[in-house]
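*Asks:* Sequence plus the predicted model coming up.
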Amino acid sequence: MQPSAVTVTGDQVRARLPLYVPGDTEVRLRFVSAQQILEAPGTLSPAAGGTEAVLTAAPPAESHSGGVWRVALCLAPDAARPLYTGLPFALRAAGGSVQVAPVPQPGVALRVARRARRVLGAARRKVSRLRIGGQ
């Protein structure tokens, strides 16, 4: 998804997503920052050509207070346990305005910790298989 596919005008966020929708569909957006999680309703509408959808939503007023907000989309907002899918952009709020930003990448320490967990998990599985096979 190109950064130009997302625009912020006033209090509206519009993003072109590679999804097919037959008509206007109600969705729920989740805005996640380091301090809090906010939710807001949105709409997916078919774009011209039918191969994309246009997401339109108004971020909550609290999201204008500053920081970087990751955005996630729930296609079934009325579900008992809604599932959210992270979108490939974030919103950066500064000075009362909101701009599109790339999704922040995890820091070096977190990436090293994730890698260590994967390596240790693989080693643990291998040892388990050896024990099961050796009995």
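*Replies:* Done, it's in.
*Asks:* State the next helix or strand along the chain beyond the lowest-mean-pLDDT helix or strand in the chain.
*Replies:* One helix or strand of the chain scores below all others by mean pLDDT, DSSP states H and E: strand 97-101, with a mean of 76. Note on strand 97-101: by DSSP states H and E, the next helix or strand toward the C-terminus is helix 108-134.
*Asks:* about what we covered before: what is the least confident helix or strand of the chain packed up against?
*Replies:* On a contact count with 3 or more Cβ pairs under 8 Å, 6 or more residues apart in numbering; DSSP states H and E, strand 97-101 meets strand 6-9, strand 85-94. In short, each C-beta sits where N, CA and C put it, glycine included.
*Asks:* Among those strands, show me which one is buried the most.
*Replies:* Among those, ranked by average contacts under mean count of other Cβ atoms under 10 Å, first place goes to strand 85-94 (a mean of 16).
*Asks:* distance of Val13 from Ala53?
*Replies:* Plainly put, Val13 is 14 Å away from Ala53 if you go by Cβ to Cβ, to the nearest Å.
*Asks:* now Tyr84
*Replies:* 17 Å.
*Asks:* got it, and Pro104?
*Replies:* Pro104 is 25 Å from Ala53, by Cβ to Cβ.
*Asks:* higher neighbour count, the two?
*Replies:* With neighbours defined as other Cβ atoms under 10 Å, Pro104 and Ala53 compare such that Ala53 has more, 22 against 11.
*Asks:* What are the neighbouring residues in contact with that one?
*Replies:* By Cβ atoms under 8 Å, 6 or more residues apart in numbering, Ala53 lies in contact with 16-17, 19-21, 25, 44-47.
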